[in-house]
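> Okay, predicted coordinates and the sequence, questions at the end:
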Amino acid sequence: MIHRTLGQIVLATLLCGGAAATETPFFKGNTHAHSLWSDGNDFPEMVVDYYHRNGYDFAVVSDHNVLARSYRWMSVQEITARQVGTGPGAIAKAEARFGPDWIEWQEVDGERGIVLKTLESFRDQFEAPGKFLIIEAQEISDRSTRGPIHINAINVAELVPFQDEPIEDTVTVMRRLLSAVRKQEKEIGRPILTHLNHPNFRWAVTAEELAEVVEERFFEVYNGHPLINHLGDESRPGNEMIWDIANTLRIAKLSAEPLFGLATDDSHWYHGGEVSPGRGWIQVEADALTPEALIAGLRAGTFYASSGVELSHFSYDAESRVLEFEIRPDGDARFISQLIGTRQNYDQPDAPAGTGIGEVFDRSGEQQVRFVVPENALYARVSITSTEDHPNPSFDFQKKQAWLQPVGWR
Ligand SMILES: [Zn+2]
Ligand SMILES: [Zn+2]
């Protein structure tokens, strides 16, 4: 039996049947955010500052096809034109936060502008061992004949090559990008985590395609951008059903491992407006607050995704197939937890009514929950929904949620 206590920074120790057991801490982070380096509307150091100020343990800046490394000048006019919302803009806020000498002004061809900071130039302002970490990333932004294929590559050392030409099918584009990442990973000798972003953005990636590209082990089950069709539409599945279809096909037909799901912000706007930060994050169990340890935790599936519901612990015992977790209180909120999965005979003519892909095996309205994964389940996962509205919703009637990773499939 694995016990996990969700401490933020401090290693918690608890007595377990008389023997002391050391607990592994959980770290909160967002793996998808944009800055002025691509199409965001704030300086990269202010994007990191948002996560630093708001109780996250790690932040990832993941601009479209650019790393904050080179020389980049931007006119004041362009920076202010990106302002959405009222109140002080990016420049005034950066000066207020870092002082009047922080900004590097530069005039180019008679136009007043600013040199954007590289990530390395401000890393020291925020990072502290075990307390806060910044991880460099690229949102590899490519396209297939059907639409945008975006994959976050986290902990990169150089730009991952992309084509951005609509000439290949979705599966081919995904495979090309993932193999380019694996090549860099080998060359630099450190792990790079990839997650397929927002499959329903312009309906570019279907569940079947996501199933087929088994090299990808992660996708965004929730992305805070309002235009990503989180719930699907009349004829196309939402992100949770995409997860169940893809995982069913992987386990039942492809003898492959299932996808793990992340929740992310995909924030672009930091001064008000609809594409704001703070909507989705992950809590990762890791031995240390380092890119390597966090990626190891993600690859082991010892994390959960959240848009507002937090857990104080969870555990899964593979032998008894018992999944247990405890939801943290949140005011007067009540919670509905669902154990969702697919049975081995889901596609057989004799499968009982009510079974199929993404069947609800069990439900609980308690804060301490114990589920048993059915013996004939291909896998099971937990989705928790609060009665509380999301404070900054990305879709209509959004409630706070959390998603645990699939179990019972090994
Ligand atoms: Zn994207
Ligand atoms: Zn993005």
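Done, it's in. Numbers count the residues shown, from 1 in each chain. Ligands and ions are numbered 1, 2, ... in the order given.

> Figure out the helix or strand that the residue of the stretch 301-410 of the chain found nearest ligand 1 lives in.
Nearest residue of the stretch 301-410 of the chain to ligand 1: residue 394, at 13.8 Å (CB to the ion). Bear in mind the C-beta positions are built from the backbone N, C-alpha and C, glycine included. Following DSSP states H and E, one finds residue 394 outside all helices and strands.

> list the contacts for it?
Residue 394 makes contacts with 223-226, 228, 230, 274, 279, as judged by CB atoms under 8 Å, 6 or more residues apart in numbering.

> Which members of those residues occur in strands, if any?
Among the contacts of residue 394, DSSP state E puts residue 223 in strands.

> So which residues make contact with the host helix or strand of residue 324?
Remark: residue 324 resides in strand 322-327, with elements defined by DSSP H and E. For strand 322-327, contacts defined as CB under 8 Å, 6+ apart pick out 309-316, 335, 337, 339, 367-373, 380, 382, 384, 402, 404, 407.

> So which of these belong to strands?
Filtering these for strands - DSSP E - leaves 311-316, 335, 337, 339, 368-372, 380, 382, 384, 402, 404.

> buried subset of these?
When the ones in strands among the contacts of strand 322-327 are checked for burial by 16 or more other CB atoms under 10 Å, the buried set is 311-314, 316, 335, 337, 339, 369, 371-372, 380, 382, 384, 402, 404.

> closest to residue 25 among the residues you listed?
residue 313 (11.8 Å; CB to CB).

> Return the set of residues that bridge with whichever residue of the stretch 1-150 of the chain sits closest to ligand 1.
For the stretch 1-150 of the chain and ligand 1, the shortest gap (CB to the ion) falls at residue 150, measuring 3.4 Å. Note on residue 150: beta-bridge partners by DSSP bridges are residue 141.

> What number of residues are in the vicinity of it?
Using other CB atoms under 10 Å, residue 150 has 27 neighbouring residues.

> And for residue 389?
13.

> same check, this time on residue 125
15.

> and if you look at residue 396?
Per other CB under 10 Å, the neighbour tally for residue 396 reads 7.

> Doesn't it belong to a helix?
No - under DSSP: H, G, I helix; E, B strand; the rest coil, residue 396 falls outside any helix and is assigned coil.

> State the phi and psi torsions of it.
phi -60, psi 140 (degrees, to the nearest 10).

> Quick one: residues contacting it.
Counted by CB under 8 Å, 6+ apart, residue 396 has zero contacts.

> distance of it from residue 255?
Per CB to CB, to the nearest Å, residue 396 is found 39 Å from residue 255.

> pLDDT wise, what is the residue nearest to residue 331 when sequence neighbours are not counted at?
Spatial nearest neighbour of residue 331, chain neighbours left out: residue 388 (7.0 Å); criterion: CB to CB, 6 or more residues apart in numbering. Note on residue 388: pLDDT of 98.

> Next, residue 388: secondary structure please.
strand.

> right, quick check: the lengthiest helix in the chain against ligand 1, any contact?
Using DSSP state H to define each element, the chain has its longest helix at helix 170-188. No - Helix 170-188 lies apart from ligand 1 when judged by CB under 5 Å from the ion; the minimum separation is 12.7 Å.

> tally of neighbours for residue 92?
Neighbours of residue 92 (other CB under 10 Å): 11.

> so it is in which element?
For residue 92, the host element (DSSP H and E) is helix 90-98.

> Which other helices and strands does that helix contact?
Counting contacts by 3 or more CB pairs under 8 Å, 6 or more residues apart in numbering; DSSP states H and E, helix 90-98 packs against helix 44-53, helix 76-81.

> In its sheet, which strands sit next to the next helix or strand after the longest one, and in what direction?
Past helix 44-53, further along toward the C-terminus, the next helix or strand under DSSP H and E is strand 58-64. Within its sheet, and counting by DSSP bridges, strand 58-64 is paired with strand 26-30 (parallel), strand 133-143 (parallel).

> Residue 189 is nearest to which of these?
strand 133-143 (15.8 Å).

> ok, and the closest non-adjacent residue to residue 77?
residue 111 is the one closest to residue 77 (CB to CB, 6+ apart), at 7.4 Å.

> right, and the one you found touches residue 79 too?
No - using CB atoms under 8 Å as the test, residue 111 is too far from residue 79 to be in contact (11.8 Å).

> Tell me which of those two has more neighbours.
Neighbours were counted for residue 111 and for residue 79 using other CB under 10 Å; residue 79 has more, 20 against 12.

> Does residue 294 belong to a helix, a strand or coil?
Criterion first, three-state DSSP; result for residue 294: helix.

> how near is it to residue 24?
Counting by CB to CB, the gap from residue 294 to residue 24 is 12 Å.

> Overlap of the contact sets of these two?
Joint contacts of residue 294 and residue 24 (CB under 8 Å, 6+ apart) are residue 286.

> Comparing the two, which shows the higher neighbour count?
residue 294 (29 against 21).

> And the pLDDT for the more buried one?
Here the pLDDT value assigned to residue 294 is 98.

> gap between it and ligand 1?
Here residue 294 is placed at a distance of 21 Å from ligand 1 (CB to the ion, to the nearest Å).

> just to revisit the earlier point, please tabulate the strands paired with strand 58-64 in JSON lines, including the columns mean neighbour count.
Listed next are the strands paired with strand 58-64 as JSON lines, based on neighbours: other CB atoms under 10 Å:
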{"stretch": "strand 26-30", "mean neighbour count": "24"}
{"stretch": "strand 133-143", "mean neighbour count": "22"}
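
> got TSV for these, with distance to ligand 1 and mean pLDDT too?
Shown next, in TSV, are the strands paired with strand 58-64 (distance: least, CB to the ion, whole Å; pLDDT from 0 to 100):
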stretch	distance to ligand 1	mean pLDDT
strand 26-30	14	97
strand 133-143	6	98
